[in-house]
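>>> Next comes the sequence, and after it the predicted model I'd like to discuss.
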Amino acid sequence: MTLLGTGGTQPLPERALAAAAVTVGGRSVLLDCGEGTQVGLRRYGVSAYRLSAVLLTHYHGDHILGLPGLLQTLGSLNRTEPLTIYGPRGIEPVAQAVMALAGAQPYPVRWQAIDGTFAVDTLKITPVPLKHRVPCQGYVLDLPRAGKFDAARAKAAGIPLEYWSVLQRGESIGGFAPEQVLGAPRRGLKVVYATDTRPCPALQAAAESADLLCMDATYAEDVDLPKAKLYGHSTCREVGALAAAAHVRRLWLTHYSAAVTDTAPGLDAARAACPQAVAGYDGLTEELEFDKV
């Protein structure tokens, strides 16, 4: 996963607005698309051309104003593959406005409001209702992992060697089924992206045991809690508490207010409950790996 923009409301010279990318097998899903997203994609080595989908949390400008330019760039790169942009309810007027700015493109741009689990490439994606001033949803991105391949069972069943890799991917071939040679499914990978939001039970439940939670940490100081409640955001201390309660393995703080010029105090507050917390910054990247079992 790569953070492309970690700011909220206003971009700063060193902090673009909200955007992140999850990349699996060379294909990426873009999460939000604030101002500066295209620069982040290029600067941090995420291919715009190989985007499979865009997931929008909500339709405030700091999360969507990078879209018209991105769509134009993809057209200039001669993209022909359709691009689907997902988001919560109310997507239709946003689609009309963005497409009016981007203009006609040589590839289909599809807009879809979602309220249930769907798949993009190998990722299973589940929307999570968040607590903000407008309809807003986070996303759980699951990468499933099949059971361990049993070569002895494959040989005993007389399965040709050239079928093995297909069965390992969970696909049937030549009259043979994956369950003939695979053990029980193993723990996959789970990433949760949630901004903008107050801490809420739905998010805590969705983030349970996540490998990585990337969450709204708009306010670094505890004194800003009243503003966080008023505007539908979270303080760093609250984020750390939610992450600890959800037993996450990693926590990235993101979506900082432009008033936060020093992330250290907020990081300290988050780490009081969640020592695994990291202060997010533009370009922060980590390659997540399956458990070695």
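All right, it came through fine. Numbering: from 1, shown residues only.
>>> does Tyr281 sit in a helix, a strand or a coil?
Classification of Tyr281 by DSSP: H, G, I helix; E, B strand; the rest coil places it in coil.
>>> If we ignore the residues flanking it in sequence, what's nearest it?
Nearest in space to Tyr281, with sequence neighbours left out and distances taken as C-beta to C-beta, 6 or more residues apart in numbering, is Thr6 at 5.9 Å. Any C-beta I mention is one placed from the backbone N, CA and C, and that applies to glycine too.
>>> before we move on, what about Pro127?
Excluding its sequence neighbours, the residue lying closest to Pro127 (C-beta to C-beta, 6+ apart) is Gln137, at 4.3 Å.
>>> Surely the one you found is in contact with His58?
Yes - judged on C-beta atoms under 8 Å, Gln137 makes contact with His58 at a distance of 7.4 Å.
>>> Name the residues contacting each of the two.
Gly87, Pro88 (C-beta atoms under 8 Å, 6 or more residues apart in numbering).
>>> What ranges in the stretch 51-200 of the chain fall below the confidence cut-off?
Scanning the stretch 51-200 of the chain for pLDDT under 70 picks out no residues.
>>> what ranges do the helices span in it?
In the stretch 51-200 of the chain, the helices defined using DSSP state H, counting those that start in this stretch lie at 61-64, 67-76, 91-102, 151-156, 164-168.
>>> chain center to the last one, what's the gap?
With C-alpha atoms, centre = their mean, to the nearest Å as the basis, helix 164-168 stands 29 Å off its chain's centre.
>>> next one: the shortest one
Using C-alpha atoms, centre = their mean, the mean C-alpha position of helix 61-64 is found 16 Å from that of the whole chain.
>>> Give me the residues contacting it.
Outside helix 61-64, the residues that reach it (C-beta under 8 Å, 6+ apart) are 7-10, 17-18, 32-35, 56-57, 94, 98, 196.
>>> can you check the third one too?
Residues from elsewhere that reach helix 91-102 (C-beta under 8 Å, 6+ apart): 56, 59, 64, 67-69, 71-72, 85, 87, 109, 111-113.
>>> In contact with Val134, which residues?
His58, Tyr59, His60.
>>> Tell me the one of those residues nearest Leu189?
Relative to Leu189, the closest of those is His58; by C-beta to C-beta it sits at 25.2 Å.
>>> dump the residue contacts of the closest one.
Contacts here follow C-beta under 8 Å, 6+ apart; on that basis His58 touches Gly87, Pro88, His132, Val134, Pro135, Cys136, Gln137, Asp196.
>>> Please flag which of those residues sit within strands.
Using DSSP state E to define strands, the subset of the contacts of His58 located there is Gly87, Gln137.
>>> among the contacts of His58, who's most crowded?
Of all the contacts of His58, the most densely surrounded is Asp196 (28 neighbours; neighbours counted as other C-beta atoms under 10 Å).
>>> my guess is that residue contacts Gly232, does it?
Yes - assessed by C-beta under 8 Å, Asp196 is found in contact with Gly232 at 6.0 Å.
>>> Overlap of the contact sets of these two?
Joint contacts of Asp196 and Gly232 (C-beta under 8 Å, 6+ apart) are His132, Cys136.
>>> Stretch 35-42: which residues count as buried?
Judged by neighbour count using 16 or more other C-beta atoms under 10 Å, the buried positions of stretch 35-42 are Glu35, Gly36, Thr37, Gln38, Gly40, Leu41.
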